[in-house]
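**Student:** my questions are about this predicted structure, shown below with the sequence.
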Amino acid sequence: MNVLRLTYILVLSALLACCGSKNTSKKQELSKQEMEDALIERNRAFLKQEREQIEAFVDSSGHAFTQTGSGLYYSILNRSGDSTLITEGDEIEYEYDIATLQGKLLSSSALDGNKTFRLLKDDEIIGLHEGIALMHPNDEYLFIIPAHLAYGLGNENGAPLNATLLYKVKIVSVIKI
């Protein structure tokens, strides 16, 4: 009789444990879904706020900006007249100023020297690759680089998380490779 009672208790305990874990699983799945929904909403709100800040800057800047399909904004400050195309793999030397959209200077070639990189080959922010591909030797452009094309959640060069960057670039030289 004790063996039968013990078996009954074990089977009942096992059933309760299984049922309990399924309910917990469903609660966790709902929690995960709710968390994903909350993150999506937070990202939408961030993108809306970033877009509004960029539009306010564009409206007040006095520069004529063009927006690309990726969200990069550019304004031509000085066109050199050189029609040489900058293409993938070219080594680019450039002068630069990097600031937040609010005007805080993060880095500058006046302080740190010119930068050099190979277009679409070297590790540099996506927005800079895209922007420089629009330029010609000796051109000077002003870019507004949204966070998703800049450092995103990173904070390189002292940029805050999710920073929209104002990037002024002048091409000093192009070496065709």
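**Tutor:** Noted; the coordinates are in hand.

**Student:** okay, CA-based contacts and neighbour counts for the rest of this
**Tutor:** Fine.

**Student:** which residue ranges make up the domains of this protein?
**Tutor:** Here the domain parsing of the chain from automatic domain parsing is 1-62, 66-175.

**Student:** need those in CSV (columns: mean pLDDT and mean neighbour count).
**Tutor:** Compiled in CSV, these are given as follows (pLDDT from 0 to 100; neighbours: other CA atoms under 10 Å):
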stretch, mean pLDDT, mean neighbour count
domain 1-62, 73, 12
domain 66-175, 92, 17
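
**Student:** need the residue closest to the centroid of this protein.
**Tutor:** H148 (2.0 Å; CA atoms, centre = their mean).

**Student:** I'd say S80 and Y141 touch.
**Tutor:** No - the criterion here is CA atoms under 8 Å, and S80 misses it with Y141 at 10.9 Å.

**Student:** thinking again about what came up before, show me what contacts the residue nearest to the centre of the chain?
**Tutor:** Contacts were defined as CA atoms under 8 Å, 6 or more residues apart in numbering; by that measure H148 touches N162.

**Student:** does it belong to a helix, a strand or coil?
**Tutor:** helix (DSSP: H, G, I helix; E, B strand; the rest coil).

**Student:** how near is it to N162?
**Tutor:** From H148 across to N162, the span is 8 Å (CA to CA, to the nearest Å).

**Student:** how about V174?
**Tutor:** V174 is 31 Å from N162, by CA to CA.

**Student:** please identify the helix or strand for A56.
**Tutor:** Assessed by DSSP states H and E, A56 sits inside helix 2-61.
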